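K.L.:
Build me a structure from this.
(chains A and B)
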Amino acid sequence: MRPLQLLAYSIIWLASLPADARTVVIDDSGTLPYHATLAMHWQELSPRSRASTLMVGTLELRVHLALAPWLHRRGHIYMVLPAQQPGAITATWTTNGRLLPGQVSTGGRALVYAGPITAPFIEDMVHLTVIVDGRRMVQSYPVNFRFEMEED
Amino acid sequence: MSPGRRGLLERLPGRDLRQRSVRTASLASGLLLATAAPGSFAYDVTLTPASPKMIYFQVGNGLFTGGNYTPIKGNGQPTGTPGVNTTINKVTVSVAANAVGNGTAQAMTTDSSAANSYWDGYLFCNLPAELYIGGFYRTTGAGTNTATVTATLPVSLTDAAGDTIPFSQISWTTGGNGDAGAEPFPAGSFNATTLSVGSISQNHWAESCWTFSYANTVVPAAGTYTGRVTYTLSAP
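P.N.:
Model prediction:
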């Protein structure tokens, strides 16, 4: 009996592990501002198009990523923009060099760092630009970003 | 991160085996939660429409300071800022005495200096024959609303002596350099004291150039006849 019970629990154990168990959300609670308000303004696309429905806003963030759990290891850090309202969001950013610049759309992620983790945290200034379809902006929407670590 | 893991590697007696199994299940659950609870760390940005409903409209001279509406700056704001121009432009015609009332339409001209579109500086209207009329209507949401332009005017133009010329003697054609298709401000005439003269679709910039004409089918007394037309853009 006992070995069978052990086997049953072992099966449960293996089945419970998701395929991306090595992808872990990074503590970014030191990021400032952590709950920002971004004023979105209308943007025009091209001369004489006479119509544009995109809204754009820019924001500066001091991103702080706590990396102590991965100290002295190697990994890939991604900025993730989960699918959420108002949908069809595109975020682009530049940095001061510690993190990679990039672009991400809703439901996707972009690499911001790859290599050894040599310090318990990474900090960088991120100049974030968010573009959204103004036809969806019928109210204010909180948009969540997160960072993920994938160990090598 | 994984305090129970070291315990799994040890050989434990039966009773402790059950406890280890419980810890195993809990650890699996805990690990699953650690990778499936992304909301625990996530900075958020609240997107708020700033000045979502905007209208701008000009008939004749308008005003943009700092440049045209385009190109758009890096912060999403237009280059130029719409303003208020209090100028009241004139559209005039002088009819020679020997032509009064002969039925030959007389072309009118404007004193407006607005030839270029504030959208992008494009030379859109040809002065002094054409009067610029245009603007924009912006709002959030996916609706198909339009902002409408209404002209209000008196029945007649009048001179100092009280003589009148019906406003219906004045009509206009429409166009614009490089334009094709239907104009947002179509051709018409002042055949009523309140007229809908065009519209601007939601999230559009609309513009036309009007060329006015005096029908010259009446024989009024000699004089200078004036009348004011007021154009109003109304957004829902």
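K.L.:
so where's chain B uncertain?
P.N.:
When residues are selected by pLDDT under 70, those of chain B lie in B:1-40, B:51, B:72, B:74-77.
K.L.:
same thing but 90
P.N.:
Chain B contains residues with pLDDT under 90 at B:1-45, B:47-55, B:64-83, B:118-121, B:136-145, B:178-182, B:201-205, B:236.
K.L.:
Identify the residue nearest the geometric centre of it.
P.N.:
Nearest to the geometric centre of chain B sits residue B:136, at 1.1 Å (Cα atoms, centre = their mean).
K.L.:
Which strand or helix spans it?
P.N.:
In the assignment (DSSP states H and E), residue B:136 maps to strand B:131-138.
K.L.:
now residue A:80
P.N.:
Assigned by DSSP H and E, residue A:80 falls within strand A:74-81.
K.L.:
touching chain A at all, the longest strand seen in chain B?
P.N.:
If you go by DSSP state E, chain B has its longest strand at strand B:204-214. Yes: using Cβ under 8 Å from any Cβ of the partner chain, strand B:204-214 reaches chain A at B:204-206. Every C-beta, even on glycine, is put in place using the N, C-alpha and C of the backbone.
K.L.:
ok, back up a step: which strands or helices does the strand holding residue A:80 pack on?
P.N.:
strand A:89-95, strand A:102-105, strand A:108-116, strand A:146-151 (3 or more Cβ pairs under 8 Å, 6 or more residues apart in numbering or on different chains; DSSP states H and E).
K.L.:
JSON lines please, covering the ones you listed and showing mean neighbour count, distance to residue A:76 and mean pLDDT.
P.N.:
Formatted as JSON lines, the helices and strands packed on strand A:74-81 follow (neighbours: other Cβ atoms under 10 Å in any protein chain shown; distance: least, Cβ to Cβ, whole Å; pLDDT from 0 to 100):
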{"stretch": "strand A:89-95", "mean neighbour count": "20", "distance to residue A:76": "16", "mean pLDDT": "96"}
{"stretch": "strand A:102-105", "mean neighbour count": "16", "distance to residue A:76": "13", "mean pLDDT": "96"}
{"stretch": "strand A:108-116", "mean neighbour count": "16", "distance to residue A:76": "5", "mean pLDDT": "96"}
{"stretch": "strand A:146-151", "mean neighbour count": "19", "distance to residue A:76": "5", "mean pLDDT": "94"}
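K.L.:
These: which one's closest to residue B:200?
P.N.:
Of all these, it is strand A:89-95 that lies closest to residue B:200, at 27.4 Å by Cβ to Cβ.
K.L.:
got a list of contacts for the closest one?
P.N.:
Applying Cβ atoms under 8 Å, 6 or more residues apart in numbering or on different chains, the external contacts of strand A:89-95 come out as A:79, A:81, A:101-106, A:112, A:124-132, A:143, A:145, B:47.
K.L.:
how about 6 Å then?
P.N.:
Residues from elsewhere that reach strand A:89-95 (Cβ atoms under 6 Å, 6 or more residues apart in numbering or on different chains): A:81, A:101, A:103-106, A:124, A:126-132.
K.L.:
Could you list the paired strands of it along with their orientation?
P.N.:
Applying DSSP bridges to the sheet, strand A:89-95 is found paired with strand A:102-105 (antiparallel), strand A:121-133 (antiparallel).
K.L.:
Between these, which one is closest to residue B:143.
P.N.:
Closest to residue B:143 of the strands paired with strand A:89-95 is strand A:121-133 (Cβ to Cβ; 13.2 Å).
K.L.:
Quick one: mean pLDDT over whichever helix or strand comes after the closest one.
P.N.:
Moving toward the C-terminus from strand A:121-133, the next helix or strand (DSSP H and E) is strand A:141-144. What strand A:141-144 shows for mean pLDDT is 92.
K.L.:
what packs against strand A:141-144?
P.N.:
Under the contact definition 3 or more Cβ pairs under 6 Å, 6 or more residues apart in numbering or on different chains; DSSP states H and E, strand A:141-144 sits against strand B:44-49.
K.L.:
Okay, buried residues for the strand it packs on please.
P.N.:
Neighbour-count burial for strand B:44-49 flags B:44-45, B:47-49 (criterion: 16 or more other Cβ atoms under 10 Å in any protein chain shown).
K.L.:
do you know how far the closest residue to residue B:109 other than its chain neighbours is from chain A?
P.N.:
Leaving aside its sequence neighbours, residue B:109 sits nearest to residue B:128 (Cβ to Cβ, 6 or more residues apart in numbering or on different chains; 4.2 Å). Using Cβ to the nearest Cβ, to the nearest Å, one gets 24 Å for the distance from residue B:128 to chain A.
K.L.:
how much space between the nearest residue to residue B:64 once chain neighbours are set aside and residue B:193?
P.N.:
Nearest residue to residue B:64, sequence neighbours excluded (Cβ to Cβ, 6+ apart): residue B:80, at 3.8 Å. For residue B:80, the distance to residue B:193 (Cβ to Cβ, to the nearest Å) stands at 35 Å.
K.L.:
So the two - more neighbours on which side?
P.N.:
A count of neighbours by other Cβ atoms under 10 Å in any protein chain shown puts residue B:80 above the other of residue B:80 and residue B:193, at 17 against 13.
K.L.:
could you pull out the helices for chain B?
P.N.:
Taking DSSP state H, the helices of chain B run over residues B:5-8, B:14-36.
K.L.:
If you rank the residues of strand B:204-214 next to chain A by neighbours, which is first?
P.N.:
Among the residues of strand B:204-214 next to chain A, the one with the most neighbours (other Cβ under 10 Å) is residue B:205, at 25 neighbours.
K.L.:
Please name the nearest non-neighbouring residue to that residue.
P.N.:
In this structure, residue B:205 finds its nearest non-sequential neighbour in residue B:136, 4.2 Å apart by Cβ to Cβ, 6+ apart.
K.L.:
Just confirm the one you found contacts residue B:57, I think it does.
P.N.:
No: applying Cβ atoms under 6 Å as the test, residue B:136 and residue B:57 come out as separate, 8.2 Å apart.
K.L.:
circling back to that earlier point, tell me which strands and helices the strand holding residue B:136 is in contact with?
P.N.:
Counting contacts by 3+ Cβ pairs under 6 Å, 6+ apart, strand B:131-138 is packed against strand B:54-59, strand B:204-214.
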